[in-house]
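# Sequence first, then the predicted structure, then my questions.
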Amino acid sequence: MPIAGSQIVKMLPGRKPCRDCGFPTCFAFAMKLASGGTTVDKCPYLSEETKAKLLDILAPPIKLVTIGSEENAVKIGNEEVIYRHEKTFVHSPGIALLISDKEDKAKTEEKIKKIKELQFPWVGVNLKADLLAPYCESGDKAKFLALVKKVYDSTDLGMVLISEDMDALFAARDICVDRHPLIYPITKENIDEAIPKMKANLTPVGLRGESIEELVPLTTKLKDAGIEELVLDPGSKNLLEAIRDQTFIRKAALKQGFRPLGYPTIAFPCFMAKDGLKEMLVGSTFINKWAAIIVFSDFDQYSLLPLLVQRLNIYTDPRFPMAVEEKYYEVGEPDESSPVLVTSNWALTYFLVSSAVEATKVPAYVCVKDAEGLGVLTAWAAGKFSGDSVGTFIKKCGVADKVKHRKLVIPGKVARIKGELEDALNLEWEIIVGPKETTGIGAFLPGFAKQLKG
Ligand code: SF4
């Protein structure tokens, strides 16, 4: 639960404002600390005990856990609200594909290929599944390790390692430890034996209990042992139990500030449903109802895409329109005679414009100006797509170094910025008023490109 600055200030040394933290008073520092605007270490006069206490109080109610590494790292947890409309959900759930060591070589290959290839560009983002989950179903350690090695060598993805055999689990962990895999399951039966092995090489740990109550002493024990990247499985047997358990854990962490349950959760539609359609429906419930890792036995493009779109919708910040980065984008392989167009950075606008340009097969530069995620006309009305600001962007984005002509196409709907934009660009660019709608790009662009070449 959030703590007020007035409570924090009581824990501070209260030296005559020494300002060593960069704030005029301890109270100002406390207020900033409470809102997340500074860090505990900025005050050099805190005792170790107070520091630890403050860090604990200020820690997010649901721990941030990272599975995988580098660009394939999947971050989960750190959530602040029960319902999306209260603010926003922060980290979308990782979608994992189970690969059993009982499956034959061809099936293993097929699944690895599938997770690599099933990627869907969607309004400026790339939708895809995130993790592979090698599963020791056979009970044969050698077979399981061979599978883990195969997955490790074939992809850069993060992994969820699943084995009831502890030896096999930790040997598998050691194969891919640099990928920061999640090891699962640690239970009340194996936890004492597992703690030294976990501490030898810290990676995220999946805890499984027969109930939520059973998880509490396990998380407490691991936290005391310094193992804090935990993921919870309350052992739900069916969808009804799962919704109840996920809700309970979420509310305990966020509403009650109950630290022992302040961790992200993992769910296994792959073990809860017998047929593919039901599995997907169960999985889609977990997207809405707070699971942070969702493991599927299999999927294809028809079942995966709806899940990915659902995930995107639920985990898009409702306070801000979807936006793409401000820069120039190359569509096709443009050269120094290719057209240059400018538009705003609402993701849908960018997607429509770049798709329309791509459809003409005319390579071009599409310059996307930051307009706080607004469409062109709204951005202009809000003063975020003025001739002046577009001119500043065109000068700094570097597109001028890419082309030898100086003709810039603006959206027809904001034809009125033409004069101001020409002035902003010191009359070095000729401003061409393009089509009012993206549907007009097909008719406009090929002829315009021809003029530029000619
Ligand atoms: S450095 Fe510490 S003691 Fe000094 S003003 Fe800041 S919070 Fe107070």
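Thanks, I have the structure now. Numbers count the residues shown, from 1 in each chain.
# Give the full set of residues in contact with Thr360.
Going by C-beta atoms under 8 Å, 6 or more residues apart in numbering, Thr360 touches 441-442, 445-446. All C-beta atoms are positioned from the backbone trio N, CA, C, and that covers glycine.
# if you set the cut-off to 10 Å instead, what comes out?
By C-beta atoms under 10 Å, 6 or more residues apart in numbering, the contact set of Thr360 is 331-332, 339, 441-446, 448-449.
# Please narrow those to those residing in strands.
Residues of the contacts of Thr360 located in strands (DSSP state E): Val331.
# which of the contacts of Thr360 count as buried?
331, 339, 441, 444-445, 448-449 (16 or more other C-beta atoms under 10 Å).
# Output the helix or strand Thr378 falls within as PDB - backbone C-alpha positions only.
According to DSSP states H and E, Thr378 maps onto helix 376-381. As requested, the backbone C-alpha atoms of helix 376-381 are provided in PDB (Å, rounded to 0.1, in the frame of the first residue of the first chain):
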ATOM      1  CA  VAL A 376      -3.100  14.700 -37.700                       C
ATOM      2  CA  LEU A 377      -6.100  16.900 -37.500                       C
ATOM      3  CA  THR A 378      -6.600  16.600 -33.800                       C
ATOM      4  CA  ALA A 379      -2.900  17.200 -33.300                       C
ATOM      5  CA  TRP A 380      -3.100  20.400 -35.400                       C
ATOM      6  CA  ALA A 381      -6.200  21.600 -33.400                       C
END
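# Name the surrounding residues that touch that helix.
321, 342-346, 349, 353, 369-375, 384-387, 389-390, 410-414, 416-417, 436.
# one more time with 6 Å
Contacts with helix 376-381, where a contact means C-beta atoms under 6 Å, 6 or more residues apart in numbering, come from 344, 371, 385, 411, 413-414.
# now do stretch 233-246
With C-beta under 6 Å, 6+ apart, stretch 233-246 has contacts from 208-210, 212, 266, 282, 289-290.
# That stretch: end-to-end distance?
Its first and final residues considered, stretch 233-246 spans 9 Å by C-alpha to C-alpha, to the nearest Å.
# Report the distance from stretch 195-215 to the chain centre.
Between the centre of stretch 195-215 and the centre of its chain there are 24 Å (C-alpha atoms, centre = their mean, to the nearest Å).
# So which bits of it are buried?
195, 197-198, 203-209, 212, 215.
# Equivalent analysis for stretch 245-260, please.
Those would be 245-246, 249-250, 252-254, 259-260, for stretch 245-260 by 16+ other C-beta under 10 Å.
# how far does that stretch sit from the chain's center?
In terms of C-alpha atoms, centre = their mean, the centre of stretch 245-260 is found 22 Å from the chain centre.
# coming back round to it: redo the contacts of Thr360 as JSON lines? Include distance to the ligand and pLDDT.
Below are the contacts of Thr360 laid out as JSON lines (distance: C-beta to the nearest ligand atom, whole Å; pLDDT from 0 to 100):
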{"residue": "Val331", "distance to the ligand": "52", "pLDDT": "95"}
{"residue": "Gly332", "distance to the ligand": "56", "pLDDT": "94"}
{"residue": "Pro339", "distance to the ligand": "56", "pLDDT": "97"}
{"residue": "Ile441", "distance to the ligand": "57", "pLDDT": "97"}
{"residue": "Gly442", "distance to the ligand": "62", "pLDDT": "96"}
{"residue": "Ala443", "distance to the ligand": "64", "pLDDT": "96"}
{"residue": "Phe444", "distance to the ligand": "61", "pLDDT": "97"}
{"residue": "Leu445", "distance to the ligand": "59", "pLDDT": "97"}
{"residue": "Pro446", "distance to the ligand": "64", "pLDDT": "97"}
{"residue": "Phe448", "distance to the ligand": "61", "pLDDT": "96"}
{"residue": "Ala449", "distance to the ligand": "61", "pLDDT": "96"}
